[in-house]
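> Sequence below, structure please.
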Amino acid sequence: MINSLQLHLAKVFLKIFLRNRQAILFSLFFPLLFIGAFSFSGGERDPFLIGISDGSKSQFSSDFIQALEREELFTILEGSFEELQASLEEGEIEGFVVIPENFKDISDLGVLKFYVDASQTRQVTIIKQALNNSLVSVERNIRNLSPLFSLEIEDVKARNQRYIDFLLPGLLAFMIMNLSIAGSGFNIVEYRRRGILKRLFVTPIKPKDFIVSIVLARMLIVLTQLSVVLSIALLLLDVNIVGSYFSFYLVVILGTFIFLCIGFALGSLAKTQEGIRPIVGLFTFPQVILSGVFFPISSMPEIVQPIVYSLPLSSVVASLREIANDGSSFFLFSNPTIGVLLWVIIAFVISTRFFIWKEVAK
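Here you go, the predicted structure:
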């Protein structure tokens with residue numbers, strides 16, 4: 001249970017943070033800028049800008065160009081071969097198609113040549129596949145043929161999920177990790193440098209009391225920051241949280257506790273702010289890449305998936321995502337939920353066992 005000493009220390013640490021106006025501004029605006037950078041993620045891609053050089057000048061080639069212009073994937077720019085080649089070299093278009101002179105009769109159309117600059121156009125394969133699919137559609141229109149069958153997508157969850165809906169839980173988990181470790185690990189190094197921990201060492205305060213109190217203070221700060229970001233996502237980006245907000249915030253609280261405790265352990269390994277930065281980077285950077293923040297873990301090679309799923313950030317991301325996107329509950333105790341609970345125990349044991357008051361860990 002939380003005692004009065006821990007609550008008093010939590011108030012002290014909260015006051016220390018509130019006196020630092022620069023830290024307050026950074027803590028409030030950093031999440032807003034971060035979510036703003038991804039506010040348009042998952043939007044529709046602009047059509048490919050493709051040039052057309054008509055060497056036939058026939059009615060048939062004109063009908064072909066008009067049919068291609070009706071394709072939503074492309075924006076067509078007509079011009080001569082030399083003009084389009086210059087535009088391609090300047091990077092103004094992503095490729096151009098040359099219609100041969102004999103492109104006049106459906107029985108003898110010849111070959112359409114598609115010119116690209118592979119050094120500038122990184123999506124050559126995608127454009128070629130899209131162009132091939134569009135040519136099939138154009139051919140049907142010219143021949144006045146109907147497709148033999150069509151594909152109709154039915155969403156069994158009866159809801160439309162955008163990439164931002166998938167991305168937001170991962171971004172929130174990423175922010176929890178960064179803000180929590182910055183609030184514990186970096187602060188511990190600073191408190192040690194200024195001699196604050198050495199003074200507390202001679203008092204009856206135990207490491208457990210110190211850790212619990214600073215966790216309470218930083219958790220209030222992190223919850224405020226995350227609430228601001230989530231509110232903006234819900235109101236301005238129309239993000240939908242399918243599951244319970246109680247379960248969602250419960251995972252946020254547990255995730256904050258996990259990374260605050262890990263921050264204490266990391267802060268015990270360095271003597272200066274310069275020394276802790278590479279240590280924190282070594283811990284956080286691989287998790288940002290591997291833990292499913294920006295793309296599903298299931299898309300990774302199967303051989304590394306068990307290792308990735310065992311990371312603390314992976315458990316927090318998966319728990320938030322299954323609640324927000326799938327409507328799950330924390331109390332169903334799925335694999336991600338169990339992973340979060342295990343990491344709560346592991347992180348607390350590590351922080352209390354290896355926390356160093358006066359010196360860095362040997």
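
> in the helix or strand where residue 192 lies, what counts as buried?
Applying DSSP states H and E as the criterion places residue 192 in helix 187-193. Residues 187-189, 191-192 are the ones in helix 187-193 that count as buried (16 or more other CB atoms under 10 Å). Every residue, glycine included, has its C-beta placed from N, CA and C.

> how about a markdown table for the residues you listed, with distance to residue 333 added?
As requested, those are arranged in a markdown table below (distance: CB to CB, whole Å):
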| residue | distance to residue 333 |
| --- | --- |
| 187 | 33 |
| 188 | 33 |
| 189 | 37 |
| 191 | 37 |
| 192 | 39 |
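
> ok so, going back, counting contacts, what elements does the helix holding residue 192 pack onto?
helix 196-201, helix 245-267, helix 273-290 (3 or more CB pairs under 8 Å, 6 or more residues apart in numbering; DSSP states H and E).

> which one of the ones you listed has the most crowded surroundings?
Comparing the helices and strands packed on helix 187-193 by mean neighbour count (mean count of other CB atoms under 10 Å), helix 245-267 ranks first with a mean of 23.

> Now do it against helix 273-290, angle only.
140 degrees (axes from the mean of the first three to the mean of the last three CA atoms, to 10 degrees).

> so how far is helix 245-267 off the chain centroid?
For helix 245-267, the gap between its own C-alpha mean and the chain's C-alpha mean amounts to 19 Å (CA atoms, centre = their mean, to the nearest Å).

> now stretch 168-188
Distance, stretch centre to chain centre, for stretch 168-188: 14 Å (CA atoms, centre = their mean).

> And that stretch, what's buried?
Judged by neighbour count using 16+ other CB under 10 Å, the buried positions of stretch 168-188 are 168-188.

> Dump it to PDB, restricted to CA.
Extracted in PDB, the C-alpha atoms of stretch 168-188 (Å, rounded to 0.1, in the frame of the first residue of the first chain):
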ATOM      1  CA  LEU A 168      -2.100   5.800 -32.600                       C
ATOM      2  CA  PRO A 169      -1.800   3.000 -29.900                       C
ATOM      3  CA  GLY A 170       1.800   2.400 -31.000                       C
ATOM      4  CA  LEU A 171       2.600   6.100 -30.900                       C
ATOM      5  CA  LEU A 172       1.100   6.400 -27.400                       C
ATOM      6  CA  ALA A 173       3.200   3.400 -26.200                       C
ATOM      7  CA  PHE A 174       6.300   4.900 -27.800                       C
ATOM      8  CA  MET A 175       5.600   8.200 -25.900                       C
ATOM      9  CA  ILE A 176       5.000   6.400 -22.700                       C
ATOM     10  CA  MET A 177       8.400   4.700 -23.000                       C
ATOM     11  CA  ASN A 178      10.300   7.900 -23.900                       C
ATOM     12  CA  LEU A 179       8.600  10.200 -21.400                       C
ATOM     13  CA  SER A 180       8.800   7.700 -18.500                       C
ATOM     14  CA  ILE A 181      12.500   6.900 -19.000                       C
ATOM     15  CA  ALA A 182      13.300  10.600 -19.400                       C
ATOM     16  CA  GLY A 183      11.300  11.200 -16.200                       C
ATOM     17  CA  SER A 184      13.200   8.600 -14.100                       C
ATOM     18  CA  GLY A 185      16.500   7.600 -15.600                       C
ATOM     19  CA  PHE A 186      17.700  11.100 -16.600                       C
ATOM     20  CA  ASN A 187      16.300  12.600 -13.300                       C
ATOM     21  CA  ILE A 188      18.100  10.000 -11.200                       C
END
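
> before we move on, the earlier item: tell me the one of the buried residues of helix 187-193 nearest residue 238?
Proximity of the buried residues of helix 187-193 to residue 238 was ranked by CB to CB; the top entry is residue 187 with 36.5 Å.

> which residues sit in contact with that closest one?
214, 267 (CB atoms under 8 Å, 6 or more residues apart in numbering).

> And residue 325, by the same measure?
If a contact means CB under 8 Å, 6+ apart, then residue 325 has 161, 165-166, 169, 242 as its contacts.

> how far away is it from residue 296?
Separation of residue 325 from residue 296 (CB to CB, to the nearest Å): 11 Å.

> tell me which element the spatially most central residue of the chain falls in.
Within the chain, the residue whose C-alpha comes closest to the C-alpha centroid is residue 294; the distance, by CA atoms, centre = their mean, is 3.5 Å. With secondary structure defined by DSSP H and E, residue 294 is part of neither a helix nor a strand.

> thinking it is in contact with residue 166, fair?
No. Look at residue 294 against residue 166 with CB atoms under 8 Å: they stay out of range, at 9.2 Å.

> Distance of residue 177 relative to residue 216?
When distances are taken as CB to CB, residue 177 and residue 216 turn out to be 19 Å apart.

> How about residue 203?
Note on residue 203: its distance to residue 216, by CB to CB, is 18 Å.

> neighbour-wise, which of the two wins?
Between residue 203 and residue 216, residue 216 has the larger neighbour count (other CB atoms under 10 Å), namely 19 against 10.

> Enumerate every residue touching the more buried one.
Under the contact definition (CB under 8 Å, 6+ apart), the residues listed for residue 216 are 2, 6-7, 10.

> how near is it to residue 2?
Using CB to CB, we find residue 216 at a distance of 7 Å from residue 2.

> average pLDDT across the helix holding residue 192?
Across helix 187-193, pLDDT averages out at 72.

> Over to stretch 241-259?
The predicted model gives stretch 241-259 an average pLDDT of 88.

> Output that stretch as PDB, restricted to C-alpha atoms.
Taking only C-alpha atoms (Å, rounded to 0.1, in the frame of the first residue of the first chain), the coordinates of stretch 241-259 have been written out as PDB:
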ATOM      1  CA  ILE A 241     -11.400   3.700 -29.500                       C
ATOM      2  CA  VAL A 242     -13.500   0.500 -29.800                       C
ATOM      3  CA  GLY A 243     -12.700  -1.000 -26.400                       C
ATOM      4  CA  SER A 244     -13.200   0.300 -22.900                       C
ATOM      5  CA  TYR A 245     -11.400   3.500 -21.800                       C
ATOM      6  CA  PHE A 246     -10.900   1.900 -18.400                       C
ATOM      7  CA  SER A 247      -8.900  -1.000 -19.900                       C
ATOM      8  CA  PHE A 248      -7.100   1.400 -22.200                       C
ATOM      9  CA  TYR A 249      -5.900   3.700 -19.400                       C
ATOM     10  CA  LEU A 250      -5.100   0.700 -17.100                       C
ATOM     11  CA  VAL A 251      -2.600  -0.400 -19.700                       C
ATOM     12  CA  VAL A 252      -1.300   3.100 -20.000                       C
ATOM     13  CA  ILE A 253      -0.700   3.200 -16.200                       C
ATOM     14  CA  LEU A 254       1.000  -0.200 -16.100                       C
ATOM     15  CA  GLY A 255       3.100   0.700 -19.100                       C
ATOM     16  CA  THR A 256       4.200   4.000 -17.500                       C
ATOM     17  CA  PHE A 257       5.100   2.000 -14.300                       C
ATOM     18  CA  ILE A 258       7.200  -0.500 -16.400                       C
ATOM     19  CA  PHE A 259       9.300   2.100 -18.100                       C
END
